[in-house]
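Peer 1: Quick one: sequence plus predicted model below, questions after.
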Amino acid sequence: MSLPLSEVLELEPFVDAEPEILTGSVGLENPVRWVHSSEIYEISPLLSGGELLLTTGLGLAGSDAGARRHYIREIADAKLTAVALEIGRTFPTVPPELVDEARKRSLPLIVLNKVVPFIRMSEAANTAIIHSRSRQLERTATLSRLLDTALIAGDGVRSLLAIAGSVLNVPLVLVAENGVVVSTHGIYDERAARLLAEAPTAESVLEIHGQPWGRVCTGTAAGVDDEDLSVLLDRLAIALTLSLLGTGLPPGDPERQAAALLDDLLSGGHMASSDFTVRAGLAGFHPRPDASLVGVAVESAQATPALALIDEAAGRLAAGALRARVRGEVLGILAMPAGVGDPVSAVADALTSAHQAQVGDVINVVVGPAGDVAGAPACLTRSLTDARDAMALTTSRTGSEHGRPSPVITTRSIAMELHLSRLGDPQALDRLGTELVGPLIAWDQRHPASLLYTLEMFLRHGCSPTRTAEALYLGRHSVYQRLQRIESLLGLSVSDPQLHAGLLLGAVAARMRTRSQP
């Protein structure tokens, strides 16, 4: 319950007294909690702080300069907001030691040049202070009523911020614990929002599951002192927390929050970035703004070893992880720290190392493409969808008679299969295979050795017979014989770089079509 000193001095009785501030502008915005008058020299023990003291200086009459300095020091230590001295009765002018000591103590010293009854000045100021308190209570009640109505209606954080911003007439920023700006009101530039979050006038912490989730921050509010602003902001923080928890899921179950979020991302429905940040936070996932996000799909007969695999890889990478069992598979998102050159390779390597050290029934692991936090959730929908779709293709690619080298692959290593599988037309695969490598398809149908797979491995291994032989577990002589047979059937050189893309496309299309047939 207070008014700034500058507003008190603008009240009519104070204006009539022709106030003059002798100590500069320091302290003019300090709150005045009460105004009263006293002529007692030893007034400081009777002060509780925040008062504007009116005096004629009678208590200082006959005192020396040292005693007057002591008087100023005592009332300043009592947290007095300001002292106003009426001249003419006790002092014809203000003693210079009072001004000097007040400046040293940053205590506003005001001289009243005209005689106005102190009772009139006190009554006007204290009435205005009480009225300001009434306005503040009314504002608090209005804000609470509007926030409660919005919560009942199921409004989200953006609506709640808009309601509070309109009542307080201030900019507001909701920032997650990891520094991500979730939502704003009255400020539309992200850089400005971050600056406000770094140096707010007031802020209130949101806690979920007993842990700090984020902060709601505000700038200066006209006509609202800092104490009241903090109270109003705390009320807003409670409403925001209730809104964040209002997802229809148990607030104490981060695992189910994670599963629901991953399932929605996989569905590809519209999800705002702010909603993703909120829901990820509820699941305990707080990627930093500069992190790279990588989707992962794991196929396993049991969820426990698959979840443990992602956790182990995240630990090796010092990366945040969100993972859960979704639609019969375990899906995950790893938040790679900034500075990692190739997040996808780093995640694949960590998963491979974790798999080698783990005893568990993990069948296949697919690492999707990387995206950034600013692009979420759209980039995560793509990454998770690619990883999951690629999962169905891993058997056709690695389950050959030659065995499989690793359970961990990336979607970019299987990009051709992935995109061919999305043609949606089996006959298109037939046409591609027939047009590009038809003679090899016909030969493979009559012979046990696969020339198509030999050609694919040859092209995938940089047209190196040595590496192709190692991949196929054959001698180089056998590989040379097969390559000669391939070139004879096709009537062209498989070493021609201009033909590599088409030949590989045809070989993959033929393999996929053959594997998909009963």
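Peer 2: Received, thanks.
Peer 1: Show me what the strand ranked longest in the chain is packed up against.
Peer 2: Across the chain, the longest stretch assigned as strand under DSSP state E is strand 362-372. Strand 362-372 sits against strand 292-300, helix 303-317, helix 343-357, helix 378-391, helix 394-398, strand 408-410, with contacts defined as 3 or more Cβ pairs under 8 Å, 6 or more residues apart in numbering; DSSP states H and E. Every C-beta, even on glycine, is put in place using the N, C-alpha and C of the backbone.
Peer 1: Other residues contacting the shortest one?
Peer 2: Pointing back at strand 408-410 there. Applying Cβ atoms under 8 Å, 6 or more residues apart in numbering, the external contacts of strand 408-410 come out as 344-345, 348, 351-352, 355, 364-368, 390, 394, 397-398.
Peer 1: repeat that with 10 Å
Peer 2: Under the criterion Cβ atoms under 10 Å, 6 or more residues apart in numbering, residues 294, 296, 298, 309, 313, 344-345, 347-356, 362, 364-369, 386-387, 390-391, 393-394, 397-398 lie in contact with strand 408-410.
Peer 1: by contact count, what packs against the helix or strand containing residue 510?
Peer 2: Residue 510 is part of helix 500-516, with elements assigned from DSSP states H and E. Judged by 3 or more Cβ pairs under 10 Å, 6 or more residues apart in numbering; DSSP states H and E, helix 500-516 is in contact with helix 394-398, helix 415-421, helix 426-446, helix 451-460, helix 476-490.
Peer 1: Quick one: mean pLDDT over the last one.
Peer 2: Per-residue pLDDT over helix 476-490 has a mean of 91.
Peer 1: for the second one, same thing?
Peer 2: Here helix 415-421 scores 82 as its mean pLDDT.
Peer 1: if we can go back for a sec, narrow the contacts of strand 408-410 to those that are buried.
Peer 2: Among the contacts of strand 408-410, those buried by neighbour count (16 or more other Cβ atoms under 10 Å) are 294, 296, 298, 309, 313, 344, 347-352, 354-355, 362, 364-369, 386-387, 390-391, 393-394, 397-398.
Peer 1: I figured residue 146 hits residue 161, correct?
Peer 2: No. Counting by Cβ atoms under 10 Å, residue 146 stays clear of residue 161, with 12.0 Å between them.
Peer 1: Need the overlap of contacts for the two.
Peer 2: Joint contacts of residue 146 and residue 161 (Cβ under 10 Å, 6+ apart) are residue 239.
Peer 1: out of the helices and strands packed on helix 500-516, deepest packed?
Peer 2: Most buried of the helices and strands packed on helix 500-516, by mean neighbour count (mean count of other Cβ atoms under 10 Å): helix 451-460, with a mean of 22.
Peer 1: Pull the distance from it to the chain's centre.
Peer 2: 47 Å (Cα atoms, centre = their mean, to the nearest Å).
Peer 1: The following helix or strand past that helix - what's its average pLDDT?
Peer 2: Toward the C-terminus, helix 451-460 is succeeded by helix 465-472 as the next helix or strand (DSSP H and E). Averaged across helix 465-472, the pLDDT comes to 90.
Peer 1: just stretch 91-102 next, same as before
Peer 2: 92.
Peer 1: then it to CSV, C-alphas only?
Peer 2: Output of stretch 91-102 as CSV, limited to C-alpha atoms (Å, rounded to 0.1, in the frame of the first residue of the first chain):
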residue,chain,number,x,y,z
PHE,A,91,14.9,28.0,10.0
PRO,A,92,14.7,30.9,7.5
THR,A,93,16.8,28.7,5.1
VAL,A,94,17.7,25.0,5.1
PRO,A,95,21.0,24.4,7.1
PRO,A,96,23.6,23.2,4.6
GLU,A,97,24.7,20.3,6.8
LEU,A,98,21.2,18.8,6.5
VAL,A,99,21.4,18.9,2.7
ASP,A,100,24.9,17.5,2.6
GLU,A,101,24.2,14.6,4.9
ALA,A,102,20.9,13.8,3.1
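Peer 1: The closest residue to residue 303 other than its chain neighbours in helix, strand or coil?
Peer 2: Nearest non-adjacent residue to residue 303, counting by Cβ to Cβ, 6 or more residues apart in numbering: residue 325, 4.4 Å away. Assigned with DSSP: H, G, I helix; E, B strand; the rest coil, residue 325 falls in the strand class.
Peer 1: Could you do the one 10 residues further on as well?
Peer 2: Each residue gets one of three states, and residue 335 gets strand by three-state DSSP.
Peer 1: what bridges to it?
Peer 2: In this entry, residue 335 is beta-bridged to residue 293, residue 320, by DSSP bridges.
Peer 1: and it, what pLDDT?
Peer 2: At residue 335, the model reports a pLDDT of 93.
Peer 1: quick one: it and residue 284 touch, right?
Peer 2: No. Here residue 335 lies out of contact with residue 284, judged by Cβ under 10 Å, at a distance of 11.8 Å.
Peer 1: Give me the common contacts of these two.
Peer 2: Common neighbours of residue 335 and residue 284 (Cβ under 10 Å, 6+ apart) are 320, 321, 322.
Peer 1: can you tell which of the helices and strands packed on helix 500-516 is closest to residue 73?
Peer 2: Nearest to residue 73 among these is helix 415-421 (78.2 Å), distances taken as Cβ to Cβ.
Peer 1: Please state the offset of the closest one from the chain centre?
Peer 2: For helix 415-421 - counting by Cα atoms, centre = their mean - the centre lies 34 Å from the chain centre.
Peer 1: which strands and helices sit next to that helix?
Peer 2: helix 378-391, helix 394-398, helix 426-446, helix 500-516.
Peer 1: The most centrally placed residue in the chain and residue 161: what is the separation?
Peer 2: Centroid-nearest residue in the chain, with Cα atoms, centre = their mean: residue 180, separated by 2.6 Å. According to Cβ to Cβ, to the nearest Å, residue 180 and residue 161 sit 15 Å apart.
Peer 1: One more: residue 130?
Peer 2: From residue 130 across to residue 161, the span is 31 Å (Cβ to Cβ).
Peer 1: Can you measure across stretch 97-114, start residue to end residue?
Peer 2: With Cα to Cα, to the nearest Å applied, stretch 97-114 spans 22 Å between its terminal residues.
Peer 1: ditto for stretch 279-297
Peer 2: Length of stretch 279-297, first residue to last, Cα to Cα: 20 Å.
Peer 1: thinking again about what came up before, neighbour count for residue 130 and residue 161, which is higher?
Peer 2: Per other Cβ atoms under 10 Å, whichever of residue 130 and residue 161 has more neighbours is residue 161, with 24 against 12.
Peer 1: low-confidence ranges in the stretch 1-150 of the chain?
Peer 2: Where the stretch 1-150 of the chain drops to pLDDT under 70, the residues are 1, 133-137.
Peer 1: Break down it into its strands, ranges please.
Peer 2: 3-4, 19-21, 31-32, 34-37, 51-55, 82-86, 109-112 (DSSP state E, counting those that start in this stretch).
Peer 1: State the paired neighbours of the second one in the sheet, together with their directions.
Peer 2: As defined by DSSP bridges, the strand partners of strand 19-21 come to strand 109-112 (antiparallel).
Peer 1: what's the answer for the fourth one, then?
Peer 2: When pairs are called by DSSP bridges, strand 34-37 turns out to pair with strand 51-55 (parallel).
Peer 1: For the strand it pairs with, buried residues please.
Peer 2: Neighbour-count burial for strand 51-55, counted by 16+ other Cβ under 10 Å, picks out 51, 52, 53, 54, 55.
Peer 1: Let's have the helices and strands packed on helix 500-516 in a markdown table, adding distance to residue 238.
Peer 2: Formatted as a markdown table, those follow (distance: least, Cβ to Cβ, whole Å):
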| stretch | distance to residue 238 |
| --- | --- |
| helix 394-398 | 49 |
| helix 415-421 | 47 |
| helix 426-446 | 57 |
| helix 451-460 | 59 |
| helix 476-490 | 71 |
